[in-house]
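In: kindly return the folded structure for what I paste below:
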Amino acid sequence: MTFIGPLVGIRVLELGHDMSSSYGARLLADLGAEVIKIEPTELGDTYRREPPLDLGSDNESALFAYLNYGKRSVSLSIESVAGTKLLQQLLERIDVVICAANVSNSKPLNLDLAGLDPVKRPVIVWVSPHGHLGERSEQPSSPFVLQHAAGFAFHQASPVADPASTPPTPCADREGSLAIGIVVANAALWALSAIENGLPKPWVDLSAEDVYAYLLVEPFADWSAGAAVHDRKRIAGKPTMVAGGLVWLLPCADGSIMISPREDHQWERWLDVMGHPKWSKDAAFCGNREIRVENAPAVGKMMSEWSIHQKCQEVFAKAQEQRVACFPVSTAKDMLVSEQLAHRQFYSKLRLASGKTVPVAGLPFLMRTSTGKTLVRGNEVAAPALGEANLEMIGTQRHLAGHAVDQIKPIGEQAAP
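Out: Numbering: from 1, shown residues only. Modelled structure (predicted):
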């Protein structure tokens, strides 16, 4: 038995052009919400023309399709009085507005969301570079600037072999915006759960800079524990430390794995996987977590002498049985043929306009109701055509003047009689 999502009956309106807001809204669509994406009338969202393109059709963007499958598209003359009036009327039937400000943090449409009745209006999640309010709220920005302003770029540029000749300029690529998109979706879910009758609906002021700063929780944990975090120089043999726990990268006969048996009980189960080698019985060498932290390079070397003779998938399977955090270091191709991800129905099938079907990452978790129904996953999906939902969503309002209905027609479509 299956169900189509916990957000069925929730209607979401997506405004503005931003990858994080688009991805966050799409995650809500994955959970069953009806997501209506507002696009400019003539060319639509600029991501429709962003590579990689499917050259077998009208250059359809695979990125746009990934960010927007499962949504409905409404095209409006954004700057027109008629378009604004139509949008205001549509807002009366909306539960959540996800609004992305542009790089100068100004509102994306000629619409005063702050002027709406706070009790009757939808929940609002406002996504902007530096926040909707505050002295930097109108400061222009970009993902590159944001990651440096938050300190995230400096952290990501560490450690390196020669800090003096390697400036801390690299930044996260699109995965940075996707990470913010997850926060957007979570903010909307929280806001919906926080609604109380008769009280103002939540308005979430989401700053991308704040999200990047929060991603520094690991070096902050190191700093809190007294560890030096300012030196960017790589120390040979030093293991990766995250949030007070140990992570080792171990070589295998056919690749590499990463393991993280942080707590003592996890370490004991990891020893079961390795067959309790002789060195593991030395309490002064690896008897508890504090000792293993102190001797981490040497412990890693001893484990590597075992792992180099093992196959990645076999170690992975045994570690899973013992409930030890472990995963093989995979290429994109490895991920596509992963039996575990296939079993979890992780990939949806994205059908492009040319008829080509490509796998795209979907929800990474299983959701089950109290009656045993599971959330539908692994479906075939497609990007919405520009303006395909115009007449259904707002074009049937006959009290509007004829020229107003013309403002929302998809290209090439005649006005309804």
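
In: only C-alpha atoms for contact and neighbour calcs from this point on.
Out: Noted.

In: which one is residue 123 nearest to, not counting chain neighbours?
Out: Residue nearest to residue 123 in three dimensions, not counting chain neighbours: residue 96, with 4.6 Å by C-alpha to C-alpha, 6 or more residues apart in numbering.

In: is that neighbour in contact with residue 7, as I believe?
Out: No. Residue 96 sits out of contact with residue 7 when judged by C-alpha atoms under 8 Å, with a separation of 11.4 Å.

In: neighbour count winner among the two?
Out: Neighbours per residue, other C-alpha atoms under 10 Å: of residue 96 and residue 7, the larger number sits with residue 96, 27 against 15.

In: so what's that one bridging to?
Out: Beta-bridge pairing for residue 96 (DSSP bridges): residue 12, residue 123.

In: so what's the residue count around residue 320?
Out: 15.

In: could you list every residue that touches it?
Out: residue 326 (C-alpha atoms under 8 Å, 6 or more residues apart in numbering).

In: and it, how far from residue 263?
Out: Separation of residue 320 from residue 263 (C-alpha to C-alpha, to the nearest Å): 16 Å.

In: over to residue 343?
Out: When residue 343 is compared with residue 263 (using C-alpha to C-alpha), they lie 29 Å apart.

In: among those two, which residue is more densely surrounded?
Out: residue 263 (13 against 9).

In: any idea which helix is longest in the chain?
Out: Of all segments of type helix in the chain, defined using DSSP state H, the longest is helix 174-193.

In: which strands and helices sit next to the following helix or strand past that one?
Out: The helix or strand immediately downstream of helix 174-193 is strand 203-207, counting by DSSP states H and E. Other helices and strands packing on strand 203-207, by 3 or more C-alpha pairs under 8 Å, 6 or more residues apart in numbering; DSSP states H and E, are strand 123-128, helix 174-193.

In: can you say which of those is packed in most?
Out: Between the helices and strands packed on strand 203-207, strand 123-128 has the highest mean count of neighbours, a mean of 25, where neighbours are mean count of other C-alpha atoms under 10 Å.

In: for it, packing partners?
Out: Using 3+ C-alpha pairs under 8 Å, 6+ apart: strand 123-128 touches strand 96-100, helix 174-193, strand 203-207.

In: rerun that using 6 Å as the cut-off
Out: Judged by 3 or more C-alpha pairs under 6 Å, 6 or more residues apart in numbering; DSSP states H and E, the packing partners of strand 123-128 are strand 96-100, strand 203-207.

In: what's the most buried one of those strands?
Out: It is strand 96-100: most buried of the helices and strands packed on strand 123-128 by mean count of other C-alpha under 10 Å, with a mean of 25.

In: how about low-confidence regions in the stretch 101-250 of the chain?
Out: Scanning the stretch 101-250 of the chain for pLDDT under 70 picks out 102-110, 228-230, 235-245.

In: could you pull out the strands for it?
Out: Ranges of strands in the stretch 101-250 of the chain, per DSSP state E, counting those that start in this stretch, are 123-128, 203-207, 240-242, 245-252.

In: with just CA atoms, put the last one into PDB.
Out: Presented in PDB, the C-alpha positions along strand 245-252 are these (Å, rounded to 0.1, in the frame of the first residue of the first chain):
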ATOM      1  CA  GLY A 245      34.100  11.900  16.600                       C
ATOM      2  CA  LEU A 246      36.600  10.000  14.500                       C
ATOM      3  CA  VAL A 247      36.400   9.400  10.800                       C
ATOM      4  CA  TRP A 248      38.900   7.200   9.000                       C
ATOM      5  CA  LEU A 249      39.400   6.800   5.200                       C
ATOM      6  CA  LEU A 250      40.700   3.300   4.700                       C
ATOM      7  CA  PRO A 251      42.100   1.800   1.500                       C
ATOM      8  CA  CYS A 252      40.500  -1.400   0.200                       C
END
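
In: for that strand, give me every contacting residue.
Out: 239-240, 256-260, 262, 304, 307-308, 310-312 (C-alpha atoms under 6 Å, 6 or more residues apart in numbering).

In: ok, those vs residue 149, which is closest?
Out: Relative to residue 149, the closest of these is residue 240; by C-alpha to C-alpha it sits at 24.7 Å.

In: list the contacts of residue 168.
Out: Taking C-alpha under 6 Å, 6+ apart as the test, what residue 168 contacts is 154, 157.

In: gap between it and residue 121?
Out: Taken as C-alpha to C-alpha, the span from residue 168 to residue 121 is 44 Å.

In: what do you get for residue 231?
Out: On the measure of C-alpha to C-alpha, residue 231 and residue 121 end up 50 Å apart.

In: these two: which is more packed in?
Out: residue 121 (21 against 10).

In: I'd like the distance between that one and residue 201.
Out: Taking C-alpha to C-alpha, one finds residue 121 at 7 Å from residue 201.

In: how about residue 366?
Out: Taken as C-alpha to C-alpha, the span from residue 366 to residue 201 is 30 Å.

In: higher neighbour count, those two?
Out: residue 201 (22 against 12).
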